[in-house]
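Enquirer: let me see the structure of the following:
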Amino acid sequence: MSQVVQDPLEAGRQALRRREWAEGYELLKGADESMDLEPEDLMLLGEAAMWIGQMDAVAAYFERAYRAHLAAGNTLRAAFVATWIAHNERNNLQMSVADGWMSRAKRLLDLEDEAAEHGYWALQKSLDALNEGDLSEALALARKAEELGRRFGDRNLEIRGLQRQGSVLIAQGEAAEGRLLLNEASTAALAGELDPFSTLTVYCNTIGACRDVADFERAGEWTERAFDFCDANSAVAFPGMCRVNHAEVMKFKGRFTEAQELADRAGRELRGWLPRVAGAALYELGEVRLRLGELAQAEQAFREADEFGRTPEPGLSLLRLAQGNVKGALASIRRAARDKSPTLPAQARLLPAAVDVAVAAGEPDEAAGYAERLQSIAEAFDTSALKASAAFARGRVALARGDADSAYEDFRQARVTWDATAANYDVARAREQLGVALREMGDEDAAIWELQAAAVRFERLGAVRDAERVGDLLMRDLSTEVMKTFLFTDIVGSTELASAVASDRHWVNLLRRHDDALRAIFIDFKGQVVDHTGDGFFAAFEEARDAIGAAIAIQQAVDQDFEFDIRIGVHADGALQTRENYHGKGVHAAARIGAAAAGREILASHATLEGLPHVAATNHRTIELKGFKEPVDVCSVAWEQA
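Expert: Numbering: from 1, shown residues only. Have a look, this model is predicted:
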């Protein structure tokens, strides 16, 4: 402690070497108040402020470092700092200011022989060129950055130049070569060869490249690595960016509650200091809300994303379609599709929506053109999600043209591929369209089977408007009104658990044991398994006491035999039954109650426990359910006392 008091500057430097950013920041800040810091120490202070989220202070420290380097005649270092400031100003959407700092840096670099600092300038210019769609220039500058990093022994610059090349190559459609470079860069980061900022930069850009080509499994893996790095290095600011990537992965998997929470939190965290990324978070929030059927909230999120520099397409066109404005949706998506500047990954995000809109507008030939472009991109990137999207688009076009047989095969291919990647929402979309195709083919029994499965899955995911649309296709007059008790289960934090276990095989075996245990309990308590999606079950019971008994048995079994926690929701209500499936508001309410439960909790509505005085309950409360006007009274079943 005496060393800290006597020499706060050196103590602050040592703290930052240990990556104890908050302590180092306070020590250096104290030293700055009592002495004139060297420019390199000012840069350390600015970096520490960045890591702990004191973003308002970062620019001032770096600008002081720039002036101090200039005054000391350190032209190269001044240029390096100017390039860093330019990068931050671009993230703040201050483009003219960023251009000014880049011009300053270039003017200073022109006075000196080539050095690593020239490489960092080239790296930033490469990013600018990539964002502007000048891919050849972006690639040339990235190669220059890598070469200068290698020549001058700057491993951070070398690897970041390599990573940038990978991103550009993927944007050009050269996916195989691009992935190799990204893997090489990410391996260097994982091995601890880079400084903290470069490590996280490589992680984020690798995640972004995976996400752009719909490689969500790989994106999810690297997102977990990035979160682990932030936790291990006390980086409180950067998880906001990781949350944006994680939100899109959760959206793909149909985990809308988690995706909405992640995107909303990231938008709030980033809007003050990184508005460019905040725009991406707000766009993701809009897409999630659109899928949940919350159209007004989705529009608000898209408007905010637009204000933060994120073009709200294709979400805005899909929103117009959901609002019944087919003409407006078509005009909007056509403008977006005519823009030739987007990279191939950007087109891959846009084209599936363009197909849907064109089909809805009665323009099958236009939809076919979009589907062909999507097929070409899917072949170039060779990822499962894009292949499924392309097959689904082909099916939409074939069905619009009256070729139900071809459409059926395309939808079946899409369903199988999406099923393999746990894309639950898209599986439901594929099954809906399979039902429509089968009906056109004259197989009404098979059509109802697929439509029922789609309706159940949409309701489970909380996609209310989609569930209602499929309900209309099912023709409600064929359904029977019934009173049942519905039970939903879900493993808490399954994505993180799957990443933490020793191997994929171990996780698969763990899930198999879980599934077998729950199915046996459902049989013991006379329950019917209606749907099983990933790590969760939807079951129906004739009697509430059987549903509660099953829920208690499940929690007790999991507590004794498994390494994870489960949340369970139970709700007795009316629903519509079509053969072995159930749908309607009662099912939707039960699913929402299940999502509101905490780990190790059985959350039951008061209606469920009426007439069951022997069941001990605690934590009585009232909760709001999305899609319902009236709140619902619920309580926790005291299963540990049973």
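Enquirer: any idea how far the most centrally placed residue in the chain is from residue 260?
Expert: The residue lying closest to the centre of the chain (Cα atoms, centre = their mean) is residue 248, at 1.8 Å. For residue 248, the distance to residue 260 (Cβ to Cβ, to the nearest Å) stands at 12 Å. Heads up, the C-betas are built off the backbone N, CA and C, glycines and all.
Enquirer: give the helix, strand or coil label for residue 454.
Expert: helix (DSSP: H, G, I helix; E, B strand; the rest coil).
Enquirer: wait, isn't it in contact with residue 428?
Expert: Yes. Assessed by Cβ atoms under 8 Å, residue 454 is found in contact with residue 428 at 4.8 Å.
Enquirer: more crowded one of these two?
Expert: residue 454 (31 against 27; other Cβ atoms under 10 Å).
Enquirer: let me know the pLDDT of that one.
Expert: On the pLDDT scale, residue 454 is placed at 95.
Enquirer: ditto for the one 4 residues further on
Expert: What the model reports as pLDDT for residue 458 is 93.
Enquirer: equivalent analysis for residue 243, please.
Expert: 79.
Enquirer: now it: how far from residue 85?
Expert: Counting by Cβ to Cβ - residue 243 and residue 85 are separated by 26 Å.
Enquirer: hmm, residue 81 is touching residue 69, no?
Expert: Yes. Residue 81 lies in contact with residue 69 (Cβ under 8 Å); the separation is 6.3 Å.
Enquirer: domain-wise, how is the chain divided?
Expert: Structural domains annotated on the chain: 383-477, 479-642, as defined by automatic domain parsing.
Enquirer: adding distance to residue 140, write those domains out as JSON lines.
Expert: Conversion of the domains of the chain to JSON lines gives the following (distance: least, Cβ to Cβ, whole Å):
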{"stretch": "domain 383-477", "distance to residue 140": "27"}
{"stretch": "domain 479-642", "distance to residue 140": "37"}
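Enquirer: out of those, which is closest to residue 31?
Expert: domain 479-642 (39.7 Å; Cβ to Cβ).
Enquirer: buried ones in the lengthiest helix in the chain?
Expert: Determined from DSSP state H, the single longest helix within the chain is helix 504-524. By neighbour count with 16 or more other Cβ atoms under 10 Å, helix 504-524 contains the buried residues 507, 510, 511, 514, 517, 518, 521, 522.
Enquirer: now the residues you listed in JSON lines, with distance to residue 25?
Expert: Formatted as JSON lines, the buried residues of helix 504-524 follow (distance: Cβ to Cβ, whole Å):
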{"residue": "507", "distance to residue 25": "40"}
{"residue": "510", "distance to residue 25": "42"}
{"residue": "511", "distance to residue 25": "44"}
{"residue": "514", "distance to residue 25": "45"}
{"residue": "517", "distance to residue 25": "50"}
{"residue": "518", "distance to residue 25": "49"}
{"residue": "521", "distance to residue 25": "53"}
{"residue": "522", "distance to residue 25": "55"}
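Enquirer: hmm, residue 456 is touching residue 582, no?
Expert: Yes. Counting by Cβ under 8 Å, residue 456 touches residue 582, with 7.1 Å between them.
Enquirer: now do the shared contacts for the two.
Expert: Residues touching both residue 456 and residue 582 (Cβ atoms under 8 Å, 6 or more residues apart in numbering) are residue 530.
Enquirer: who's in contact with residue 99?
Expert: Applying Cβ under 8 Å, 6+ apart, the residues near residue 99 are residue 86.
Enquirer: assign a three-state SS to it, would you?
Expert: On the basis of three-state DSSP, residue 99 is classed as helix.
Enquirer: distance of it relative to residue 58?
Expert: On the measure of Cβ to Cβ, residue 99 and residue 58 end up 19 Å apart.
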